[in-house]
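In: Below are the sequence and a predicted model for it; my questions follow.
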Amino acid sequence: MKKFFSLSIVACVSLFGFKNISYSNEIKSSSLKIETTIPYLKDLVSKASCDSKSFQVNSIISMGNDPHTFHITPANRVAIAKADIIVLIGSGLENWLTKIKRTKNQTWLNVTESMILRKLSESEMSSHNHDHDHGHDHSHDHDHQHLEYDPHIWQSPSLTKEALLKISATLIKLKPDEKKNIESCTQDYIKNIDENIVELKKLSQSISEEKRVIATNHDALGYFAKEFGFKIYSIVGLSDESAPTAAQLKKIISQLKKDKINTVFLESTGNMRNIQTVAKEANVKIGGTLYSDSLGAKDSGAETAPDMWRTNMNTIVSALKK
Ligand SMILES: [Zn+2]
């Protein structure tokens, strides 16, 4: 009897011991750390796997922040070094990532690689690339953006589907056990996007074609405009940072009059003071604020890409209908 007890105790200890070891191994091997650069990508990773616990996903740039003026912190560097997967937009949006060395066994997914992107016009390039130039010495090392192609794929339903499929394929490659779940979650989200496209096209067509013009001072909405049948009007010569001179203002106002622009839109990121000045001086209406460079915060109605398209479409349509 005594012998039986001692044997049972040994068995219990070794069983628990084994259980503890296998449990910690399970945690380590079952959950992959994913760092995405912007909340839009974080949302796509979460949706591609229906928030599976196999993936711990984070966004380096937090909600509502401007990806064009982001500066990396030491804490971001630590998080990137520890990640199994880095998901980025690419096409020059995240220049701050180019100097970071990839650690061994890390997967980097550049979602715009081999995508057919919209080429930016000269004026669009200067409105983006000069965001940081004011007051800086050009020779010093800075994360300037030099964009040639439009990186704002979060404003494109068709490119969002492409990005989602790339993310999905990467997750499956690294977690083959989750294949079934990932494939079905991805297809559900694609269906959701397709349903949104149909509804939003109907909404845009509810206003007459000549009224379908989105006027802003930074061309974040090029893809959205193209896919939903709007013209983009960019207010040339208006910078985000320095106030327009009297001569610039005069030129912008006469251009708006000539082009019969009577509504301009503000954007959720960036400095909107200058466009408000232009609207006031040119006596044009402000049609509302559009989510341009970031998804919206909780309860904003723009927490995911399809929600953002819908919220923006409602703002645009109700302003242009009047
Ligand atoms: Zn932008």
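Out: Yes, it's here.
In: ok, which residues in the chain are in contact with the ion?
Out: 220, 293 (CB under 5 Å from the ion). C-beta: built from backbone N, CA, C; applies to glycine.
In: which residues of the stretch 51-200 of the chain fall in strands?
Out: Listed in chain order, the strands of the stretch 51-200 of the chain (DSSP state E, counting those that start in this stretch) span residues 55-59, 85-88, 107-110.
In: pLDDT value on the residue in the stretch 1-150 of the chain that the ion sits nearest to, please?
Out: For the stretch 1-150 of the chain, the residue closest to the ion is H68, as judged by CB to the ion, at 5.4 Å. According to the prediction, H68 has pLDDT 88.
In: tally of neighbours for it?
Out: 22 (other CB atoms under 10 Å).
In: Give me the secondary structure label for the residue minimising distance to the centre of the chain.
Out: By CA atoms, centre = their mean, the chain has its centre lying nearest to Y40, at 3.8 Å. Put simply, Y40 is helix when judged by DSSP: H, G, I helix; E, B strand; the rest coil.
In: Now do the contacts for the closest residue to it other than its chain neighbours.
Out: Excluding its sequence neighbours, the residue lying closest to Y40 (CB to CB, 6 or more residues apart in numbering) is W154, at 4.2 Å. By CB atoms under 8 Å, 6 or more residues apart in numbering, the residues touching W154 are 38, 40, 160, 295, 305, 308.
In: what number of residues lie near the last one?
Out: The reference is to M308. 25.
In: Can you list phi and psi of it for me?
Out: phi -60, psi -40 (degrees, to the nearest 10).
In: quick one: contacts for it?
Out: Per CB under 8 Å, 6+ apart, neighbours of M308: 154, 291, 295-296, 302.
In: Mark which of those residues are buried, thanks.
Out: Buried residues within the contacts of M308, counting neighbours by 16 or more other CB atoms under 10 Å: 154, 291, 295-296, 302.
In: Now those in TSV, please, with extra columns for secondary structure and pLDDT.
Out: Converted to TSV, the buried ones among the contacts of M308 look like this (DSSP: H, G, I helix; E, B strand; the rest coil; pLDDT from 0 to 100):
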residue	secondary structure	pLDDT
W154	helix	98
Y291	coil	95
L295	coil	95
G296	coil	93
A302	coil	96
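In: Closest to I167 out of those residues?
Out: W154 (13.2 Å; CB to CB).
In: what about P244, which SS state?
Out: Going by three-state DSSP: P244 is coil.
In: Around it, count how many other residues there are.
Out: Neighbours around P244, by other CB under 10 Å: 20.
In: next one: the one 3 residues further on
Out: Counted with other CB under 10 Å, the neighbours of A247 add up to 9.
In: Quick check: it vs I253, distance?
Out: As defined by CB to CB, to the nearest Å, A247 lies at a distance of 11 Å from I253.
In: Now stretch 174-187: buried residues?
Out: Buried, per 16+ other CB under 10 Å, within stretch 174-187: 175, 178, 181-182, 185-186.
In: just to revisit the earlier point, out of the strands of the stretch 51-200 of the chain, which comes closest to K119?
Out: Closest among the strands of the stretch 51-200 of the chain, using CB to CB: strand 107-110, at 18.1 Å.
In: by contact count, what packs against that closest one?
Out: strand 85-88, helix 157-174 (3 or more CB pairs under 8 Å, 6 or more residues apart in numbering; DSSP states H and E).
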